[in-house]
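S.K.: here is my input; please provide its structure:
(one chain, ligands or ions: 3)
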Amino acid sequence: GEMIVLLMSGGPGSGKGTQCEKIVAKYGYTHLSSGDLLRAEVASGSERGKQLQATMQKGELVPLDTVLEMIKEAMIAKADVSKGYLIDGYPREVKQGEEFEKKIGAPALLLYVDAKAETMVKRLMKRGETSGRADDNEETIKKRLDLYYKATEPVIAYYEKSGIVRKVSRNTDRNMLIQSNITSVLSLTP
Ligand SMILES: Nc1nc2c(ncn2[C@@H]2O[C@H](COP(=O)(O)OP(=O)(O)OP(=O)(O)O)[C@@H](O)[C@H]2O)c(=O)[nH]1
Ligand SMILES: Nc1ncnc2c1ncn2[C@H]1C[C@H](O)[C@@H](COP(=O)(O)OP(=O)(O)O)O1
Ligand SMILES: [Mg+2]
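M.R.: Ligands and ions are numbered 1, 2, ... in the order given. Got it, this is the predicted structure:
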């Protein structure tokens with residue numbers, strides 16, 4: 001049957017990865033983080049990785065076709081064992097969402113982790129102490145935040161139109177809300 005695709009969206013340091021881990025532990029979805037896939041490509045030392053590194057170091061978006069192809073490859077690689085996909089960090093702009101629907105399919109739900117700018121900055125600066133990520137520094141964090149508000153927040157409005165956005169607000173107990181969101185959707189999904 002149709003494979004379930006959930007999208008996890010939110011600002012840099014909002015907690016997308018953290019929430020995905022909780023959902024995977026409870027529901028066994030296949031977690032695909034665009035950032036992690038890209039960082040693995042950089043770490044592989046490939047020619048493509050070298051080009052990606054320069055872009056990512058500046059916190060800028062890599063080419064749409066590159067990141068979509070990598071996600072598609074990762075989905076295909078897991079297709080026979082996956083219970084469904086939880087895609088983290090994609091789409092980052094509306095165009096990416098449209099391309100995804102054309103080339104892969106329509107998502108069942110967009111989970112949106114909401115956090116205040118100062119919370120995200122604080123978390124990323126702290127994570128930067130141990131993450132070893134080239135983009136967890138004050139200057140790049142600022143660029144990533146600007147890019148998020150400019151390019152990625154419109155993605156939420158885009159999916160609001162089809163009524164599939166479920167927001168995990170900062171004040172609500174994340175685990176309870178996120179579980180209830182997924183449970184309610186899962187019970188509806190054939
Ligand atoms: N105090 C607190 N810290 C959190 C929470 N969620 C995530 N963090 C921390 O905040 C940092 C960022 O969390 P991530 O889950 O990596 O955020 P992300 O949205 O995946 O970040 P990017 O991959 O940079 O987009 C990590 O160090 C987490 O441990 C939370 O609910 N409370
Ligand atoms: N869907 C996407 N389209 C274009 N570039 C992406 C992308 N997902 C990730 N990237 C690139 C730009 C990001 O600065 C970098 C790291 O992404 P990330 O791990 O999701 O961190 P963040 O959300 O904090 O930027 O990889
Ligand atoms: Mg992440």
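S.K.: spatially nearest residue to P12 (excluding sequence neighbours)?
M.R.: Among residues not flanking P12 along the chain, R144 sits closest, at 4.1 Å (Cβ to Cβ, 6 or more residues apart in numbering). For glycine as for every other residue, the C-beta is placed from the backbone atoms N, C-alpha and C.
S.K.: what distance do you get for the one you found to ligand 1?
M.R.: 7 Å (Cβ to the nearest ligand atom, to the nearest Å).
S.K.: ok, that residue touching K58?
M.R.: No. Proximity of R144 to K58 does not meet the contact threshold set by Cβ atoms under 8 Å, at 9.3 Å.
S.K.: the two - which one has more neighbours?
M.R.: More neighbours surround R144 than the other of R144 and K58, with 23 against 15 (other Cβ atoms under 10 Å).
S.K.: quick one: contacts for that one?
M.R.: Contacts for R144 (Cβ atoms under 8 Å, 6 or more residues apart in numbering) come out as G11, P12, G59, D135.
S.K.: tally of neighbours for the second one?
M.R.: Burial measure for P12: 25 neighbouring residues, criterion other Cβ under 10 Å.
S.K.: which element is it on?
M.R.: Counting by DSSP states H and E, no helix or strand carries P12.
S.K.: circling back: quick check: neighbours shared by R144 and K58?
M.R.: What both R144 and K58 touch, as defined by Cβ under 8 Å, 6+ apart, is the set D135.
S.K.: circling back: contacts with ligand 1 among the contacts of R144, please.
M.R.: Among those, the residues that sit close to ligand 1 (Cβ under 6 Å from any ligand atom) are P12.
S.K.: and of the contacts of R144, the nearest to ligand 1?
M.R.: P12 (4.3 Å; Cβ to the nearest ligand atom).
S.K.: gap between whichever strand or helix holds K126 and the chain center?
M.R.: Per DSSP H and E: K126 is located in helix 117-131. In this view, helix 117-131 has its centroid 17 Å away from the chain centroid, taken as Cα atoms, centre = their mean, to the nearest Å.
S.K.: pLDDT below threshold where in the protein?
M.R.: Applying pLDDT under 70 to the chain picks out residues 1-2, 168-190.
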